[in-house]
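**Q** Compute the structure for the input listed below.
(one chain, ligands or ions: 1)
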Amino acid sequence: MDATCSSFCPNRTISLSTCSHNQNQLASVHSLLRFSASASSVYSRSRLVCDSNCRNLTMSLKASVTPIIDQSTSSSAAAVPTIVEVDLGNRSYPIYIGSGLLNQPELLQRHVHGKQVLVVTNTTIAPLYLDKTIWALTDGNPNVKVESVILPDGEQYKDMETLMKVFDKAIESRMDRRCTFVALGGGVIGDMCGYAAASFLRGVNFIQIPTTVMAQVDSSVGGKTGINHRLGKNLIGAFYQPQCVLVDSDTLKTLPDRELASGLAEVIKYGLIRDAEFFEWQEKNMHALLAR
Ligand SMILES: NC(=O)c1ccc[n+]([C@@H]2O[C@H](COP(=O)([O-])OP(=O)(O)OC[C@H]3O[C@@H](n4cnc5c(N)ncnc54)[C@H](O)[C@@H]3O)[C@@H](O)[C@H]2O)c1
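**A** Just a heads-up that it's a prediction; the model follows:
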């Protein structure tokens, strides 16, 4: 763990000065997400590297941030995403972070292989973002067929019985090996959909669209997927990397205050554990962050 921490700061390419340039409230959330996803991806990656080969823990820790250049919808500056590249060799993937990203179909579509997509979401998120997500997957791309499965909402449904509903839908819809599963929701949906994607036909493509702060800064990054067993949380699962993570900060507008605060508490931990300067920035901007 010491090696992780000492490698973290020199390699971080999102600077705090970038964060503090933005004075408006939404920009503060963007800055926070950009920083946190970067921090989380570096940290998660270090865990993966350590799991598979502890000898080279410090050698390859790196997260880089590059601006996207091929925008087809350049209606506003806020629509330009930041990209955090999670460098995992042939399992590398980008995290897109920004406002209005679900209005940019090309971001998702470039990571869909094959012609079948299964969106996994829940009863709370579906009325808010399912139509928009299906539009983003199909706009200008009529050959893609999108199915959805809407699970009950809650940690208590992160179990084998509910997971079977995902497999039922995939099998009934005759999804093939080239299909893509899309997780649309918080950490519960991300964990379940990821595990379903890891298991269905021994592994199919997987995209994360996290909609809580917790999921955007933590659970969607790092490849941990799974479900609970009645004897304990997250006891059944797999490491499985997504094709991409799309963080549309606009989804946080509907997030209940309690969930926002819970996610921010997670981010405060990053500052406390690893970065005093980031912690101070959070202290100064907490009112703006809570106001979104
Ligand atoms: N895989 C990992 O590395 C990892 C890391 C941390 C936590 N987790 C898991 O994540 C889960 C917790 O995730 P969570 O905190 O996101 O909780 P959650 O997924 O239960 O979401 C919290 C609530 O907010 C609702 N919601 C989500 N997005 C919304 C939106 N944009 N607008 C309105 N409502 C919205 C959900 O429907 C739910 O009711 C736990 O199961 C935990 O084990 C996984």
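**Q** For the stretch 51-200 of the chain, which residues are neighbours of the ligand?
**A** In this structure, the stretch 51-200 of the chain approaches the ligand at residues 122, 124-125, 128, 153, 155, 158, 185-189, 191, judged by CB under 6 Å from any ligand atom. Placement of C-beta: from N, CA and C, glycine included.
**Q** Report the contact partners of the residue nearest the centre of the chain.
**A** Note on the chain: the residue nearest the mean C-alpha position is Ser220, at 3.5 Å, using CA atoms, centre = their mean. Applying CB atoms under 8 Å, 6 or more residues apart in numbering, we find Ser220 in contact with 95, 183, 187, 190, 208, 210, 242, 245, 247.
**Q** Identify the residue spatially nearest to the third one, adjacent ones excluded.
**A** Distances taken as CB to CB, 6 or more residues apart in numbering put Ser219 closest to Gly187, at 3.7 Å, once the chain neighbours are dropped.
**Q** And the fourth one, by the same measure?
**A** Using CB to CB, 6+ apart and skipping residues adjacent in sequence, the residue nearest Gly190 is Ala183, 4.5 Å away.
**Q** Would you mind naming the helix or strand containing the one you found?
**A** Assigned by DSSP states H and E, Ala183 belongs to strand 180-185.
**Q** For beta bridges, what are the partners of the residue nearest to Gly190?
**A** Here Ala183 shows beta-bridge partners Val120, Gln208, assigned using DSSP bridges.
**Q** what's the burial count for it?
**A** By the other CB atoms under 10 Å criterion, the neighbourhood of Ala183 contains 30 residues.
**Q** same deal with Asp153?
**A** Each residue near Asp153 was counted by other CB under 10 Å, and the total is 17.
**Q** Need the pLDDT of it.
**A** Looking at Asp153, its pLDDT reads 98.
**Q** same thing with Asp275?
**A** In this prediction, Asp275 has a pLDDT value of 88.
**Q** Could you report the distance from it to Val267?
**A** For Asp275, the distance to Val267 equals 11 Å [CB to CB, to the nearest Å].
**Q** For these two, indicate the residue with more neighbours.
**A** Looking at Asp275 and Val267 with other CB under 10 Å, you find the greater number of neighbours at Val267, namely 24 against 19.
**Q** Pull the contacting residues for Val117.
**A** With contacts defined as CB under 8 Å, 6+ apart, the neighbours of Val117 are 137, 144-147, 179-182.
**Q** May I ask which of the residues you listed has the most neighbours?
**A** Highest count within the contacts of Val117 by other CB under 10 Å belongs to Val182, 29 neighbours.
**Q** And the strands in the chain?
**A** In the chain, the segments counted as strands under DSSP state E are 63-67, 82-86, 93-98, 116-122, 145-151, 180-185, 205-210, 224-229, 232-239, 244-248.
**Q** need the ones you listed in TSV with distance to Ala288, can you?
**A** Converted to TSV, the strands of the chain look like this (distance: least, CB to CB, whole Å):
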stretch	distance to Ala288
strand 63-67	22
strand 82-86	18
strand 93-98	17
strand 116-122	29
strand 145-151	34
strand 180-185	26
strand 205-210	21
strand 224-229	31
strand 232-239	33
strand 244-248	18
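**Q** among those, which gets the worst mean confidence?
**A** Note on the strands of the chain: strand 63-67 shows the lowest mean pLDDT, a mean of 40.
**Q** Now restrict the residues of the stretch 51-200 of the chain next to the ligand to buried residues only.
**A** With neighbours counted using 16 or more other CB atoms under 10 Å, those contain these buried positions: 122, 124-125, 128, 153, 158, 185-189, 191.
**Q** so what are the domain limits for this structure?
**A** With automatic domain parsing as the criterion, the domains of the chain are listed as 1-99+256-292, 114-255.
**Q** leaving aside the residues next to it on the chain, what's closest to Leu184?
**A** With sequence-adjacent residues excluded and distances taken as CB to CB, 6+ apart, Leu184 is closest to Thr121, at 4.1 Å.
**Q** Run through this structure and note the low-pLDDT ranges.
**A** In the predicted model, the chain carries pLDDT under 70 at residues 1-31, 34-78.
**Q** picking up where we left off before, list the residues that contact the residue nearest to Gly190.
**A** Contacts for Ala183 (CB under 8 Å, 6+ apart) come out as 120-121, 189-190, 192-194, 206-210, 220.
**Q** Repeat that for Leu107.
**A** When contacts are counted by CB under 8 Å, 6+ apart, Leu107 touches 81, 96, 101, 136, 244, 246.
**Q** Rebuild the residues you listed as JSON lines, extending it with neighbour count.
**A** Compiled in JSON lines, these are given as follows (neighbours: other CB atoms under 10 Å):
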{"residue": "Pro81", "neighbour count": "25"}
{"residue": "Tyr96", "neighbour count": "21"}
{"residue": "Leu101", "neighbour count": "22"}
{"residue": "Ala136", "neighbour count": "24"}
{"residue": "Cys244", "neighbour count": "21"}
{"residue": "Leu246", "neighbour count": "28"}
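**Q** Alright, calling it a day.
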